[in-house]
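Asks: Fold the following for me, if possible:
(one chain, ligands or ions: 1)
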Amino acid sequence: MLNKKSILYKTLARAVSMKRPHATPSVMAFTDWLHTHLPRLPHIAVSYDAAGNLHVDARQDLLSRTLFVAHVDTVHREEGSNRFRKTQGMWYADGAPLGADDGAGCAMLMHLIHAQVPGYYIFTQGEERGGIGAKYLADHSRDLLAQFDRAIAFDRRGIDSVITHQGWGRCCSDAFAASLADALCADEVLMYLGDDTGVYTDTAEFVDIIPECTNISVGYDHEHSDRETLDLHHFKALAAAVVRIKWDELTTARDPALVEESPHTDWLGMYKTQASTLSTKWDSKWLAKWDDEDTDAETETLLVMDCIDDAMRGMYHDLLEMIAHAAYPEDPEFALRFLNKRLLTDEVLEKAMDDCAVYGADTVLLSLFDAAHCEV
Ligand SMILES: [Zn+2]
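Replies: Residues are numbered from 1 along each chain as shown. Alright, predicted model coming up:
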(Lines give C-alpha, C1' and ligand atoms only; values in the text may rest on other atoms or scores of the structure.)
Protein backbone atom coordinates (compact mmCIF):
# COMPACT_ATOMS: atom_id res chain seq x y z
CA MET A 1 0.00 0.00 0.00
CA LEU A 2 2.86 2.39 0.69
CA ASN A 3 5.29 2.81 -2.18
CA LYS A 4 8.40 0.94 -1.03
CA LYS A 5 10.69 3.42 -2.72
CA SER A 6 9.13 6.43 -0.98
CA ILE A 7 11.17 8.15 1.71
CA LEU A 8 8.14 7.73 4.00
CA TYR A 9 8.28 3.95 3.73
CA LYS A 10 12.06 3.68 3.72
CA THR A 11 12.45 5.79 6.86
CA LEU A 12 9.71 3.92 8.70
CA ALA A 13 11.10 0.52 7.71
CA ARG A 14 14.63 1.52 8.63
CA ALA A 15 13.46 2.91 11.99
CA VAL A 16 11.46 -0.09 13.16
CA SER A 17 14.14 -2.58 12.10
CA MET A 18 16.57 -1.20 14.71
CA LYS A 19 16.40 -0.86 18.51
CA ARG A 20 17.65 2.65 19.15
CA PRO A 21 18.22 3.40 22.84
CA HIS A 22 19.48 6.90 23.65
CA ALA A 23 23.21 7.59 23.33
CA THR A 24 24.12 4.36 21.53
CA PRO A 25 25.82 3.71 18.18
CA SER A 26 22.44 2.47 16.86
CA VAL A 27 20.64 5.74 17.44
CA MET A 28 23.63 7.62 16.04
CA ALA A 29 23.60 5.37 12.97
CA PHE A 30 19.90 6.06 12.48
CA THR A 31 20.42 9.81 12.86
CA ASP A 32 23.24 9.60 10.33
CA TRP A 33 20.99 7.59 7.99
CA LEU A 34 18.41 10.39 8.15
CA HIS A 35 21.16 12.91 7.39
CA THR A 36 22.42 11.01 4.35
CA HIS A 37 18.89 10.54 3.02
CA LEU A 38 17.94 14.21 3.10
CA PRO A 39 17.30 15.74 -0.30
CA ARG A 40 20.26 17.71 -1.62
CA LEU A 41 18.61 21.04 -2.26
CA PRO A 42 20.29 24.46 -2.14
CA HIS A 43 17.77 26.00 0.25
CA ILE A 44 18.21 23.32 2.90
CA ALA A 45 20.82 23.83 5.63
CA VAL A 46 21.73 20.84 7.80
CA SER A 47 23.55 20.90 11.13
CA TYR A 48 23.97 19.09 14.45
CA ASP A 49 23.97 20.73 17.87
CA ALA A 50 26.01 19.63 20.87
CA ALA A 51 23.19 17.33 22.08
CA GLY A 52 23.26 15.47 18.77
CA ASN A 53 19.93 16.86 17.56
CA LEU A 54 19.82 16.93 13.76
CA HIS A 55 18.62 20.32 12.45
CA VAL A 56 17.22 20.75 8.96
CA ASP A 57 16.47 24.36 8.13
CA ALA A 58 14.12 24.27 5.14
CA ARG A 59 12.33 27.56 5.85
CA GLN A 60 12.99 29.02 2.42
CA ASP A 61 14.31 32.53 3.14
CA LEU A 62 13.32 32.22 6.83
CA LEU A 63 9.71 32.94 5.91
CA SER A 64 8.23 29.92 7.63
CA ARG A 65 7.65 30.13 11.39
CA THR A 66 6.85 26.44 11.80
CA LEU A 67 8.99 23.94 13.73
CA PHE A 68 8.50 20.19 13.26
CA VAL A 69 10.03 17.68 15.69
CA ALA A 70 10.28 13.91 16.10
CA HIS A 71 12.63 11.91 18.30
CA VAL A 72 15.15 9.41 17.03
CA ASP A 73 15.53 7.27 20.18
CA THR A 74 13.35 4.37 21.30
CA VAL A 75 12.40 3.02 24.69
CA HIS A 76 14.48 -0.17 24.18
CA ARG A 77 17.15 -0.88 26.77
CA GLU A 78 19.61 -2.63 24.45
CA GLU A 79 20.64 -2.22 20.84
CA GLY A 80 20.13 -4.76 18.07
CA SER A 81 17.95 -5.55 15.14
CA ASN A 82 14.24 -5.37 15.86
CA ARG A 83 11.65 -7.89 14.77
CA PHE A 84 8.23 -6.88 13.57
CA ARG A 85 5.29 -8.32 11.63
CA LYS A 86 3.34 -6.72 8.83
CA THR A 87 -0.11 -7.03 7.35
CA GLN A 88 -1.62 -4.79 4.69
CA GLY A 89 -2.92 -2.28 7.15
CA MET A 90 -0.98 -2.81 10.36
CA TRP A 91 2.58 -3.29 11.59
CA TYR A 92 3.06 -5.18 14.85
CA ALA A 93 5.80 -5.43 17.45
CA ASP A 94 7.30 -8.89 17.80
CA GLY A 95 8.87 -9.51 21.20
CA ALA A 96 9.91 -5.92 21.97
CA PRO A 97 8.44 -2.47 21.28
CA LEU A 98 7.94 -1.74 17.58
CA GLY A 99 9.60 1.67 17.77
CA ALA A 100 6.95 3.38 15.65
CA ASP A 101 7.22 5.69 18.68
CA ASP A 102 8.75 7.64 17.17
CA GLY A 103 9.95 6.07 13.92
CA ALA A 104 6.57 7.06 12.49
CA GLY A 105 7.26 10.69 13.43
CA CYS A 106 10.76 10.61 11.92
CA ALA A 107 9.31 9.18 8.71
CA MET A 108 6.66 11.93 8.66
CA LEU A 109 9.36 14.63 8.97
CA MET A 110 11.46 13.08 6.17
CA HIS A 111 8.32 12.93 4.04
CA LEU A 112 7.59 16.64 4.67
CA ILE A 113 11.19 17.66 3.94
CA HIS A 114 11.27 15.69 0.68
CA ALA A 115 7.92 17.22 -0.29
CA GLN A 116 9.60 20.61 0.24
CA VAL A 117 7.10 21.79 2.83
CA PRO A 118 8.67 24.96 4.27
CA GLY A 119 9.68 24.71 7.91
CA TYR A 120 12.45 24.05 10.37
CA TYR A 121 12.86 20.38 11.29
CA ILE A 122 14.61 18.90 14.32
CA PHE A 123 15.23 15.19 14.90
CA THR A 124 15.73 15.16 18.65
CA GLN A 125 17.79 12.89 20.91
CA GLY A 126 16.75 11.32 24.20
CA GLU A 127 13.00 12.04 24.32
CA GLU A 128 12.44 8.71 26.05
CA ARG A 129 14.99 9.70 28.71
CA GLY A 130 13.12 12.86 29.67
CA GLY A 131 13.49 15.06 26.62
CA ILE A 132 17.27 15.43 26.75
CA GLY A 133 17.57 16.92 23.26
CA ALA A 134 14.54 19.19 23.64
CA LYS A 135 15.73 20.44 27.05
CA TYR A 136 19.09 21.24 25.45
CA LEU A 137 17.28 23.33 22.83
CA ALA A 138 15.21 25.17 25.45
CA ASP A 139 18.38 25.90 27.45
CA HIS A 140 20.78 26.76 24.64
CA SER A 141 18.74 27.75 21.59
CA ARG A 142 16.11 30.19 22.85
CA ASP A 143 16.91 32.62 20.05
CA LEU A 144 16.24 29.92 17.49
CA LEU A 145 13.01 28.75 19.18
CA ALA A 146 11.79 32.36 19.36
CA GLN A 147 11.68 32.36 15.56
CA PHE A 148 8.67 30.01 15.56
CA ASP A 149 4.95 30.53 16.12
CA ARG A 150 4.18 26.81 16.28
CA ALA A 151 5.97 23.59 17.18
CA ILE A 152 4.49 20.35 15.88
CA ALA A 153 5.57 16.98 17.26
CA PHE A 154 4.45 13.82 15.46
CA ASP A 155 4.68 11.66 18.53
CA ARG A 156 1.22 10.84 19.85
CA ARG A 157 -0.60 7.51 20.03
CA GLY A 158 -3.94 7.00 18.35
CA ILE A 159 -5.49 8.55 15.28
CA ASP A 160 -7.40 11.62 16.41
CA SER A 161 -5.49 13.81 18.86
CA VAL A 162 -4.26 17.35 18.51
CA ILE A 163 -2.78 17.73 21.98
CA THR A 164 -3.68 20.98 23.77
CA HIS A 165 -2.28 20.20 27.23
CA GLN A 166 0.87 18.37 28.30
CA GLY A 167 1.72 17.62 31.89
CA TRP A 168 1.55 20.78 33.89
CA GLY A 169 -0.58 22.87 31.58
CA ARG A 170 -1.76 24.19 28.29
CA CYS A 171 0.64 23.93 25.33
CA CYS A 172 -1.53 25.37 22.56
CA SER A 173 -4.74 27.40 22.29
CA ASP A 174 -8.09 25.80 21.48
CA ALA A 175 -8.27 28.12 18.46
CA PHE A 176 -4.97 26.77 17.12
CA ALA A 177 -6.00 23.16 17.82
CA ALA A 178 -9.29 23.73 15.99
CA SER A 179 -7.57 25.29 12.97
CA LEU A 180 -5.09 22.41 12.78
CA ALA A 181 -7.80 19.77 13.29
CA ASP A 182 -9.87 21.39 10.52
CA ALA A 183 -6.87 21.39 8.19
CA LEU A 184 -6.15 17.72 8.94
CA CYS A 185 -9.81 16.79 8.37
CA ALA A 186 -10.17 18.80 5.16
CA ASP A 187 -10.36 15.70 2.96
CA GLU A 188 -12.87 14.02 5.28
CA VAL A 189 -10.56 11.02 5.55
CA LEU A 190 -9.08 11.84 8.95
CA MET A 191 -10.94 12.79 12.13
CA TYR A 192 -8.89 14.94 14.53
CA LEU A 193 -9.96 16.89 17.61
CA GLY A 194 -8.30 18.90 20.35
CA ASP A 195 -7.24 16.58 23.20
CA ASP A 196 -6.26 17.87 26.65
CA THR A 197 -4.87 14.56 27.97
CA GLY A 198 -1.30 14.80 26.66
CA VAL A 199 1.46 13.72 29.02
CA TYR A 200 4.83 14.68 27.70
CA THR A 201 6.77 15.03 24.52
CA ASP A 202 9.58 17.28 23.29
CA THR A 203 7.37 20.27 22.48
CA ALA A 204 6.43 20.53 26.18
CA GLU A 205 9.90 22.03 26.67
CA PHE A 206 9.11 24.93 24.33
CA VAL A 207 5.78 26.20 25.77
CA ASP A 208 7.21 29.31 27.41
CA ILE A 209 8.93 30.37 24.16
CA ILE A 210 6.74 29.18 21.26
CA PRO A 211 3.04 30.24 21.31
CA GLU A 212 1.47 27.08 19.88
CA CYS A 213 3.08 23.74 20.82
CA THR A 214 1.32 20.49 20.08
CA ASN A 215 1.65 16.79 19.45
CA ILE A 216 -0.32 14.93 16.79
CA SER A 217 -1.46 11.29 16.61
CA VAL A 218 0.64 9.35 14.11
CA GLY A 219 -1.20 6.03 14.35
CA TYR A 220 0.84 4.01 16.78
CA ASP A 221 -0.73 2.45 19.87
CA HIS A 222 0.40 0.55 22.99
CA GLU A 223 3.78 2.23 22.63
CA HIS A 224 6.57 1.25 25.05
CA SER A 225 5.26 -2.32 25.08
CA ASP A 226 5.64 -5.49 23.01
CA ARG A 227 2.03 -4.96 21.87
CA GLU A 228 2.91 -1.76 20.02
CA THR A 229 1.19 -1.42 16.65
CA LEU A 230 1.17 1.10 13.81
CA ASP A 231 -2.00 1.70 11.82
CA LEU A 232 -0.64 2.01 8.27
CA HIS A 233 -3.93 3.24 6.81
CA HIS A 234 -3.92 6.15 9.20
CA PHE A 235 -0.21 6.77 8.75
CA LYS A 236 -0.60 6.95 4.99
CA ALA A 237 -3.66 9.21 5.17
CA LEU A 238 -1.85 11.53 7.57
CA ALA A 239 1.15 11.67 5.22
CA ALA A 240 -1.17 12.73 2.40
CA ALA A 241 -2.75 15.43 4.58
CA VAL A 242 0.36 17.03 6.11
CA VAL A 243 1.92 18.00 2.79
CA ARG A 244 -1.23 19.89 1.80
CA ILE A 245 -1.59 21.95 4.98
CA LYS A 246 -0.56 25.61 4.92
CA TRP A 247 1.16 25.40 8.29
CA ASP A 248 2.07 29.08 8.43
CA GLU A 249 -1.56 30.10 7.98
CA LEU A 250 -2.79 28.29 11.11
CA THR A 251 -4.24 30.42 13.92
CA THR A 252 -1.80 31.72 16.53
CA ALA A 253 -3.55 32.81 19.74
CA ARG A 254 -1.65 31.71 22.87
CA ASP A 255 0.68 33.98 24.80
CA PRO A 256 3.67 31.84 25.81
CA ALA A 257 4.32 34.14 28.80
CA LEU A 258 1.04 33.09 30.42
CA VAL A 259 0.80 29.76 32.22
CA GLU A 260 -2.56 28.02 32.22
CA GLU A 261 -2.67 24.92 34.37
CA SER A 262 -3.88 21.60 33.11
CA PRO A 263 -7.40 20.42 34.01
CA HIS A 264 -5.77 17.07 34.88
CA THR A 265 -4.15 17.72 38.22
CA ASP A 266 -2.63 14.31 38.88
CA TRP A 267 -0.61 14.19 35.70
CA LEU A 268 2.61 13.32 37.50
CA GLY A 269 1.02 10.29 39.12
CA MET A 270 -0.50 9.33 35.80
CA TYR A 271 2.87 9.59 34.10
CA LYS A 272 4.67 7.58 36.75
CA THR A 273 2.10 4.79 36.70
CA GLN A 274 2.17 4.63 32.96
CA ALA A 275 5.97 4.71 32.76
CA SER A 276 6.49 1.95 35.33
CA THR A 277 3.85 -0.47 34.07
CA LEU A 278 4.81 -0.03 30.47
CA SER A 279 8.55 -0.36 30.86
CA THR A 280 8.47 -3.55 32.94
CA LYS A 281 5.92 -5.33 30.78
CA TRP A 282 8.19 -6.25 27.93
CA ASP A 283 11.58 -6.05 29.55
CA SER A 284 12.18 -9.54 30.94
CA LYS A 285 10.63 -11.45 28.07
CA TRP A 286 12.65 -9.52 25.61
CA LEU A 287 15.93 -9.86 27.48
CA ALA A 288 15.51 -13.64 27.60
CA LYS A 289 15.12 -13.75 23.86
CA TRP A 290 17.93 -11.40 23.04
CA ASP A 291 20.96 -13.69 22.94
CA ASP A 292 19.77 -16.22 20.41
CA GLU A 293 18.26 -13.82 17.91
CA ASP A 294 19.95 -13.51 14.56
CA THR A 295 19.21 -10.80 12.06
CA ASP A 296 15.72 -11.57 10.82
CA ALA A 297 14.65 -11.80 7.20
CA GLU A 298 12.90 -8.46 7.22
CA THR A 299 16.05 -6.66 8.30
CA GLU A 300 18.16 -8.49 5.73
CA THR A 301 15.82 -7.40 2.98
CA LEU A 302 15.95 -3.83 4.24
CA LEU A 303 19.74 -3.89 4.18
CA VAL A 304 19.74 -5.21 0.63
CA MET A 305 17.24 -2.52 -0.41
CA ASP A 306 19.45 0.10 1.14
CA CYS A 307 22.51 -1.14 -0.74
CA ILE A 308 20.58 -1.27 -4.02
CA ASP A 309 19.50 2.29 -3.34
CA ASP A 310 23.13 3.32 -2.81
CA ALA A 311 24.14 1.54 -6.02
CA MET A 312 21.47 3.47 -7.92
CA ARG A 313 23.22 6.61 -6.72
CA GLY A 314 26.64 5.37 -7.86
CA MET A 315 27.89 3.74 -4.65
CA TYR A 316 28.32 0.08 -5.52
CA HIS A 317 30.74 -1.10 -2.87
CA ASP A 318 28.37 -2.47 -0.24
CA LEU A 319 26.04 -4.12 -2.73
CA LEU A 320 28.94 -5.86 -4.49
CA GLU A 321 30.19 -7.15 -1.13
CA MET A 322 26.73 -8.48 -0.28
CA ILE A 323 26.38 -10.19 -3.65
CA ALA A 324 29.81 -11.79 -3.25
CA HIS A 325 28.98 -13.04 0.25
CA ALA A 326 25.68 -14.51 -0.92
CA ALA A 327 27.21 -16.26 -3.95
CA TYR A 328 30.45 -17.56 -2.38
CA PRO A 329 30.21 -17.31 1.38
CA GLU A 330 33.39 -19.36 1.76
CA ASP A 331 35.47 -16.96 -0.36
CA PRO A 332 33.70 -13.67 -1.08
CA GLU A 333 36.97 -11.92 -1.98
CA PHE A 334 37.41 -14.38 -4.82
CA ALA A 335 33.84 -13.86 -6.02
CA LEU A 336 34.28 -10.09 -5.98
CA ARG A 337 36.89 -10.36 -8.76
CA PHE A 338 34.24 -11.72 -11.11
CA LEU A 339 31.71 -8.96 -10.45
CA ASN A 340 31.47 -6.04 -12.84
CA LYS A 341 29.55 -3.06 -11.44
CA ARG A 342 28.88 -1.81 -15.00
CA LEU A 343 26.56 -4.76 -15.48
CA LEU A 344 24.44 -3.47 -12.58
CA THR A 345 22.43 -1.19 -14.85
CA ASP A 346 19.51 0.94 -13.67
CA GLU A 347 17.20 -1.65 -15.18
CA VAL A 348 18.84 -4.52 -13.28
CA LEU A 349 18.83 -2.56 -10.02
CA GLU A 350 15.21 -1.49 -10.38
CA LYS A 351 14.12 -5.06 -11.00
CA ALA A 352 16.09 -6.18 -7.94
CA MET A 353 14.39 -3.50 -5.86
CA ASP A 354 10.98 -4.74 -6.98
CA ASP A 355 12.05 -8.33 -6.27
CA CYS A 356 12.76 -7.36 -2.66
CA ALA A 357 9.02 -7.05 -2.12
CA VAL A 358 8.49 -10.67 -3.21
CA TYR A 359 11.65 -12.72 -2.64
CA GLY A 360 14.09 -13.18 0.24
CA ALA A 361 17.37 -11.27 0.42
CA ASP A 362 19.48 -14.25 -0.74
CA THR A 363 17.34 -14.85 -3.82
CA VAL A 364 17.63 -11.20 -4.84
CA LEU A 365 21.40 -11.19 -4.28
CA LEU A 366 21.93 -14.42 -6.26
CA SER A 367 19.98 -13.07 -9.22
CA LEU A 368 22.15 -9.94 -9.02
CA PHE A 369 25.20 -12.21 -9.08
CA ASP A 370 23.88 -13.80 -12.27
CA ALA A 371 23.45 -10.35 -13.80
CA ALA A 372 26.79 -8.87 -12.69
CA HIS A 373 29.35 -11.68 -12.93
CA CYS A 374 31.64 -12.08 -15.89
CA GLU A 375 34.38 -14.55 -16.75
CA VAL A 376 37.82 -12.95 -16.46
ZN1 LIG B 1 7.66 9.15 21.63
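
Asks: going forward, measure contacts and count neighbours with C-alpha atoms only.
Replies: OK.

Asks: Show me what from the protein comes close to the ion.
Replies: Counting by Cα under 5 Å from the ion, the residues of the chain close to the ion are 101, 102, 155.

Asks: any idea of the pLDDT on residue 88?
Replies: What the model reports as pLDDT for residue 88 is 86.

Asks: same question but for residue 79, I mixed them up
Replies: At residue 79, pLDDT is 95.

Asks: For it, what are phi and psi?
Replies: Reported as degrees, to the nearest 10, the phi and psi values for residue 79 are phi -80, psi 180.

Asks: looking at it, it is touching residue 20, isn't it?
Replies: Yes: contact criterion Cα atoms under 8 Å: residue 79 and residue 20 qualify, at 6.0 Å.

Asks: domain assignment for the protein?
Replies: Following the assignment in automatic domain parsing, the chain carries domains at 7-249, 267-372.

Asks: Quick one: residues contacting residue 46.
Replies: Contact analysis of residue 46 by Cα atoms under 8 Å, 6 or more residues apart in numbering lists 35, 54, 55, 56, 57.

Asks: swap in residue 365?
Replies: 304, 322, 323, 326, 327.

Asks: which element is it on?
Replies: helix 361-372 (DSSP states H and E).

Asks: Could you do residue 238 as well?
Replies: helix 232-242.

Asks: Name the SS class of residue 113, please.
Replies: Applying DSSP: H, G, I helix; E, B strand; the rest coil to residue 113 yields a three-state assignment of helix.

Asks: which ones are touching it?
Replies: With Cα under 8 Å, 6+ apart, residue 113 has these contacts: 38, 39, 58.

Asks: which residues sit against the helix holding residue 238?
Replies: Defining contact as Cα under 8 Å, 6+ apart, one finds that helix 232-242 is touched by 2, 88-91, 104, 108, 111-112, 159, 184, 187, 189-190, 218-219.

Asks: number of nearby residues for residue 313?
Replies: 10 (other Cα atoms under 10 Å).

Asks: same check, this time on residue 125
Replies: Residue 125, neighbours per other Cα under 10 Å, totals 30.

Asks: Low-confidence ranges, the protein, go.
Replies: Under the criterion pLDDT under 70, the flagged ranges of the chain are 1, 262-296, 375-376.

Asks: tell me, what residue is most central in it?
Replies: Residue closest to the average C-alpha location in the chain (Cα atoms, centre = their mean): residue 106, at 2.3 Å.

Asks: now residue 185: how far from residue 39?
Replies: Taking Cα to Cα, to the nearest Å as the measure, residue 185 falls 28 Å from residue 39.
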